[in-house]
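Q: Need the 3D shape of this:
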Amino acid sequence: MMIEFIADIVCPWCYVGHRRVRRAIAERPGLDVNFIWRMFQLNPEMPAEGVTRNLYLAAKFGTGAPSLRIMHYVAQAGALEGINFRFDLISRMPNSLDAHRLILFAQRTGQQDALIDGLFAGFFERGLDIGRRSVLLDLAVEAGLDRSDAAAFLTSHSGIETVLAQDRTARRLGITGIPCTIIDGSYALAGAQESEFFLPLFDLAAQEQRSSVTLSVG
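A: Next comes the predicted model:
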């Protein structure tokens with residue numbers, strides 16, 4: 001079963017949603033799941049060097065109470081998933097292109113899950129600037145990747161067009177909000193849904209796979 005998770009590493013709801021969908025997968029241990037991270041840039045016009053987080057929040061949500069209420073709500077949802085959001089530690093909103101590229105690099109060796117977890121935690125729980133390549137390389141090493149190989153990949157132009165192409169594809173499909181989870185190319189769940197909402201769709205997709213096999217054999 002293919003599960004495509006369309007997300008951005010700088011999106012807090014994507015962190016929550018990632019935890020929830022992985023928990024749902026764990027609740028169906030009999031499924032043969034191919035979990036694929038699909039790239040989406042929450043802020044495609046973000047400067048390469050990023051911007052200060054206060055400036056970003058003011059432009060997106062306004063100053064004062066509105067942004068504080070949103071962060072409080074996200075933090076509450078995260079706490080239920082074992083996430084300790086530390087928005088107070090985040091000083092810059094980064095451009096996420098290189099973070100996505102690094103995930104592509106990690107997919108080559110099957111270490112993408114550890115890297116994705118590390119990127120999310122690094123940004124949202126440790127306040128690291130994941131727009132900086134030195135920070136990304138530190139997180140790559142923590143995820144078990146070779147630093148020099150990862151550095152060579154980021155220094156090149158590898159993966160840039162893939163990230164941009166995946167972002168364009170998602171938008172052509174009408175996806176404007178993330179996360180979005182697509183199950184076997186047939187069912188989609190938008191937003192950071194609770195894990196129990198995934199289970200009937202997993203079961204339905206698995207049933208359809210079995211029916212297809214039966215028809216083929218018949």
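
Q: list the buried ones in stretch 141-152?
A: By 16 or more other Cβ atoms under 10 Å, the buried positions in stretch 141-152 come out as A143, L145, A150. Yep, even glycine has a C-beta here, placed from its N, CA and C like the rest.

Q: Show the pLDDT at the second one.
A: Note on L145: pLDDT of 97.

Q: Please report how far it lies from Q107.
A: Using Cβ to Cβ, to the nearest Å, L145 is found at 11 Å from Q107.

Q: Kindly report the same for the last one.
A: Plainly put, A150 is 12 Å away from Q107 if you go by Cβ to Cβ.

Q: want to try JSON lines for the buried residues of stretch 141-152, with distance to L89 and secondary structure as columns?
A: Converted to JSON lines, the buried residues of stretch 141-152 look like this (distance: Cβ to Cβ, whole Å; DSSP: H, G, I helix; E, B strand; the rest coil):
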{"residue": "A143", "distance to L89": "20", "secondary structure": "coil"}
{"residue": "L145", "distance to L89": "24", "secondary structure": "coil"}
{"residue": "A150", "distance to L89": "24", "secondary structure": "helix"}
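
Q: Distance to E194 for these - can I get that in a markdown table?
A: Below are the buried residues of stretch 141-152 laid out as a markdown table (distance: Cβ to Cβ, whole Å):
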| residue | distance to E194 |
| --- | --- |
| A143 | 27 |
| L145 | 32 |
| A150 | 35 |
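
Q: Before I go, just wanted to say thanks for your time.
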